[in-house]
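Here is a sequence with its predicted model. Questions after.
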Amino acid sequence: MSEFLQQVINGISLGSIYALIALGYTMIYGILRFINFAHGDVFMVGAFIGYFVAPHVISLTGGSLWIAAPIVLIVTMVGCSALGVTIEKLAYRPLRSRPKLTVLITAIGVSFFLEYGGQLVFGPDPKLFPTLIPSSSLINTQHVVIGTNSIVVILTAIVLMLLLRFIVYNTKMGTAMRAVSFDHRVASLMGINIDSVISFTFVLGSGLAAAASLLYASVYPSINPLMGIFPGLKAFVAAVLGGIGNLAGAALGGLIIGITETFVSGYISSSYRDAIAFAILILILLFKPSGILGRHDRDKV
Amino acid sequence: MDLLTLRSCTMRFGGLTAIADLSIGLAAGDLLGLIGPNGAGKTTIFNMITGIYRPSSGQVLFDGHSIVGLKPNQIADRGIARTFQNIRLFPSMTVYETVQAAYSKGVKYGLIHAVSRCGPFHTSEEETDRAIAELLEYFELETVRNEIAISLPYGQQRKVELLRALATKPKLLLLDEPAAGMNPSEKVALMGLIERVRSDFRVSILLIDHDMRVVMGICKRLVVLDYGVKIAEGSPREIQCDSKVIEAYLGEPTE
Amino acid sequence: MRLHKSGLMLIAAIVTGFAISRFEHLINPYYYQVLIYIGINIILASSLNLINGFAGQFSLGHAGFMAVGAYTSAVVTSQLHFASSSMLNTAAFSLALLLGGIVAAIFGLLVGIPSLRLKGDYLAITTLGFGEIIRVIVQNLDFLGGARGFTGIPKLTNFVWVFSTVAIVILLVSNLINSTYGKSFLAVRDDELAAETIGISSTRVKVIAFVTGAFFAGVAGALYAHFVTYINPAQFSFLKSFEIVVMVIIGGMGSIFGVILSAILLTILPEMLRSVAQYRMVVYSLLLIVIMITRPRGLFVRTRTAKQSVALKTLR
């Protein structure tokens, strides 16, 4: 029973990280209707920004992690947002009216570029991510250990998601985003600047991926240029599972994938960890392609 | 017995009822016109007959058998072919290949013969080639047989689409606004062609148009639709005098 | 007449292969290896072209089929030891190739089923998932060596085997596409709904494309396994699938000749960039992005008419 509880907490913590990445996928898909394959690699770049920035910030703030960590978080989010917007401008914007597959292949190209460019710049070997979250165990019984890590991860994720919800539903830009995701043409007729809405979406999505990367690296401190591939794919599955284009769905999907994955590696075998998300994806697409909270789209004839 | 029967068909999309309790009968050899203002639900009826939509309730009988729930390709196999209001030709294909695609289902050989080119392959391909050549000649398209179909002028594209449908050897042909976008003299020529096709290919035709004058000339019987409901049925002369029809087309009479 | 033509071409290709194989020992072993890889990549890219280019079903799981073929054939030859006689070796290897293809085709059927309901990038990610699931399962099967890999596979693949298979694949695909029967594939790719309304079963077309494509990917995997003599699951990750997809895209989806050219080019290019190995993949990915932006239909394909591109744009 206590091991079960431990798994649940680990699962929720991992799941909230997936949820943050999934939100980026789902927003970009909602607006542009394509899978931004490079999203997982933006996440990877975030971890490296944190890796390089954190030691400086920590020494500047005199070693106080409670002050340093939020600063690192903001710097990383800004860095990744800039990267996301740049990718969209240079690679995706010229292709906006092309067939989806062209954009998909380009996204794969961008993903390769970040991965192998990362290997070139950062070196292919894993690096040890510095401690950003002061580690201590809040609860430590014989079987259950709840560290500050898990709590900080979960709380940060919740705060960011509430913030995103506020932006999307209570600001002018958020309303514009929803309008564009509903219908590009009508939105532009209403005087909405589509380009700036798309850029803004990339800012939000990449920023969340940046936050996720710091949380992820704090839990799994070994980082490398290919680290974004699997969290990226799993987060995409989470977005589809929840119903692509649906914010609450992405959060829910992330949690489900995180918990399932933790349970499979805890009770069956950790070697199946990376396959379980795909198995879930195939099942959901076969039986409820619109996802748990998604709406059903019909092809127009 | 009728070739095609729609028996109290209703089609709902969410809260919207596109077709309400519609019954239509079409006898073999008929040329029935289905008219109504834009948005009356005409294309929805075609989509229901060809299996793209499944009616929310009601029956569709073809040759005495229900075809509700069959897939579009199975319905095509039973002998119903159609054209689309916004022409849907295969963008990568020439005129010849487009017709070939319609024959791909009926060839007398299978995958193994196709890749190995033995068995009945060559005789069957030659037969198909002759049949396509005849059809192209009938439709006066032999000069453009190797042109990419969608690069042709609009009127010829319509012809290619009609030809593609006919090449499946249907018993019933559904034509969705075949005269759309044509000038009056082209319309007259097209109506002549449709009438010839009906008798030469022994095919029954259900024809949609929103312009009453187009169909008046060739259809002996018309069904008028407005907001998904059948408001009138009869000969062109009867329809012309029907007060409900006039109202639907011209709006409510003002005092 | 035409029967003779395609038959003759095949025989000519195989005879040439045999003739060259007589001088196999004279070829520099490194060039020989590159030549074999070119052949295997042509088989992989042409078979994926059938699924992606002709039937229009975007698949990112081709390496999975390749893995199935590689492992199946490795099990077959490791069970049959006939090293004493070359005749029996040939028989055993033929059987291994065939079984590798057949088992891969069965997996192709499984993967083809989701394609009946999914389109575009959803299908892409699902096939990618299938490929990864196959890899993870192999990784967990001890009798296949698990993550350590399968060693001691006899080196049976040579020039003749590879290029006879290349000749067969190219001939089959071009025969199919140029037949009336094959037009149903292009019709489904161009406009699935319009194809259905002229009686073409898109289900059938997609399943045939996946099964045939997977069969040849399996054979390619078997040829690969019996050339490198050691295989492990990591060799068949989705990076390998991407590699094959890129060959098809750069060659031009649906262009038989273009895909062959790009398979050759993309096998040689990385070899030439070996001296600057660390930049290799960066150059490769930049090239991919630039080609997609400037020549999205591939390097070796004539550009479409304006009307065609508009029509395709609205359809996809």
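Cool, got the structure.

show me the residues around the closest residue to residue C:161 other than its chain neighbours that make contact.
Counting by CB to CB, 6 or more residues apart in numbering or on different chains, residue C:161 lies nearest to residue C:223, which is 6.2 Å off, once chain neighbours are set aside. Bear in mind the C-beta positions are built from the backbone N, C-alpha and C, glycine included. Contacts for residue C:223 (CB atoms under 8 Å, 6 or more residues apart in numbering or on different chains) come out as C:39, C:40, C:43, C:97, C:157, C:161, C:162, C:165.

can you tell me how far residue C:223 sits from chain B?
Applying CB to the nearest CB, to the nearest Å, the value for residue C:223 to chain B is 20 Å.

what about the closest residue to residue A:265 other than its chain neighbours, neighbour count?
Leaving aside its chain neighbours, residue A:265 sits nearest to residue A:273 (4.5 Å; criterion: CB to CB, 6+ apart). Residues within reach of residue A:273, counting by other CB atoms under 10 Å in any protein chain shown, total 18.

go on, the one 5 residues further on?
A count of nearby residues for residue A:278, using other CB under 10 Å, gives 21.

In space, what's closest to residue A:16 - neighbours in sequence excluded?
Excluding its sequence neighbours, the residue lying closest to residue A:16 (CB to CB, 6+ apart) is residue A:157, at 3.5 Å.

Can you name the residues that contact that neighbour?
Remark: with contacts taken as CB under 8 Å, 6+ apart, residue A:157 is in contact with A:16, A:17, A:19, A:20, A:211, A:212, A:215.

pretty sure the first one contacts residue A:154?
In other words, residue A:16. Yes: with contacts counted by CB atoms under 8 Å, residue A:16 reaches residue A:154, the gap being 5.3 Å.

So those two - more neighbours on which side?
Each of residue A:16 and residue A:154 has its neighbours counted (other CB under 10 Å); residue A:16 has more, 24 against 17.

For that one, what is the enclosing helix or strand?
Assigned by DSSP states H and E, residue A:16 belongs to helix A:2-32.

ok, then the element right after that helix?
From helix A:2-32, the next helix or strand downstream (DSSP H and E) is helix A:39-60.

what ranges do the strands span in the stretch 201-301 of chain A?
Secondary structure of the stretch 201-301 of chain A by DSSP state E, counting those that start in this stretch: the strands cover A:222-223.

ok and the residue in it nearest chain C?
Taking CB to the nearest CB, chain C has its nearest neighbour within the stretch 201-301 of chain A at residue A:278, 3.2 Å off.

on that earlier part again, give me the element the residue nearest to residue A:16 is part of.
helix A:148-170.

Quick one: work out the angle between that helix and helix A:2-32.
Taking axes from the mean of the first three to the mean of the last three CA atoms, to 10 degrees, helix A:148-170 and helix A:2-32 form an angle of 30 degrees between their directions.

and the contacts of residue C:223 as JSON lines, adding distance to residue C:121 and neighbour count?
Shown next, in JSON lines, are the contacts of residue C:223 (distance: CB to CB, whole Å; neighbours: other CB atoms under 10 Å in any protein chain shown):
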{"residue": "C:39", "distance to residue C:121": "31", "neighbour count": "27"}
{"residue": "C:40", "distance to residue C:121": "28", "neighbour count": "24"}
{"residue": "C:43", "distance to residue C:121": "26", "neighbour count": "26"}
{"residue": "C:97", "distance to residue C:121": "33", "neighbour count": "26"}
{"residue": "C:157", "distance to residue C:121": "35", "neighbour count": "24"}
{"residue": "C:161", "distance to residue C:121": "36", "neighbour count": "23"}
{"residue": "C:162", "distance to residue C:121": "33", "neighbour count": "23"}
{"residue": "C:165", "distance to residue C:121": "31", "neighbour count": "23"}
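
Can you tell me the SS state at the residue most central in space within chain C?
When CA atoms, centre = their mean is applied to chain C, the residue found nearest the centroid is residue C:44 (1.5 Å). When classified by DSSP: H, G, I helix; E, B strand; the rest coil, residue C:44 comes out as helix.

CA atoms only for the following helix or strand past the helix holding residue A:157, dumped as CSV, please.
Next in sequence after helix A:148-170, counting helices and strands by DSSP H and E, comes helix A:172-182. Provided in CSV are the C-alpha atoms of helix A:172-182 (Å, rounded to 0.1, in the frame of the first residue of the first chain):
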residue,chain,number,x,y,z
LYS,A,172,-7.5,40.0,-25.1
MET,A,173,-4.6,37.9,-26.6
GLY,A,174,-6.1,34.7,-25.2
THR,A,175,-9.5,35.5,-26.8
ALA,A,176,-7.7,36.1,-30.1
MET,A,177,-5.9,32.8,-29.8
ARG,A,178,-9.2,31.0,-29.3
ALA,A,179,-10.7,32.8,-32.2
VAL,A,180,-7.8,31.9,-34.5
SER,A,181,-7.9,28.2,-33.4
PHE,A,182,-11.6,28.2,-34.3
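
Off-centre distance for helix A:172-182?
21 Å (CA atoms, centre = their mean, to the nearest Å).

quick check: angle from that helix to helix A:2-32?
80 degrees.

Quick one: name the residues of the stretch 1-150 of chain C near chain A.
Residues of the stretch 1-150 of chain C found near chain A, taking CB under 8 Å from any CB of the partner chain as the criterion, are C:58, C:114, C:117-118, C:120-122, C:124-126, C:128-130, C:132-133, C:136-137, C:139-140, C:147.

can you tell me which of those residues are in helices?
C:114, C:120-122, C:124-126, C:128-130, C:132-133, C:136-137, C:139 (DSSP state H).

can you list the residues of the stretch 151-300 of chain A near chain C?
A:233, A:236-237, A:240, A:269, A:271-272, A:274-275, A:277-279, A:281-282, A:285-286, A:289, A:299.

Weed out the non-buried ones from those residues.
Listed as buried from those are A:233, A:236-237, A:240, A:272, A:274-275, A:277-279, A:281-282, A:285, A:289; burial here means 16 or more other CB atoms under 10 Å in any protein chain shown.

Which one among those residues sits at the bottom for pLDDT?
For those, the weakest pLDDT value sits at residue A:289, with 74.
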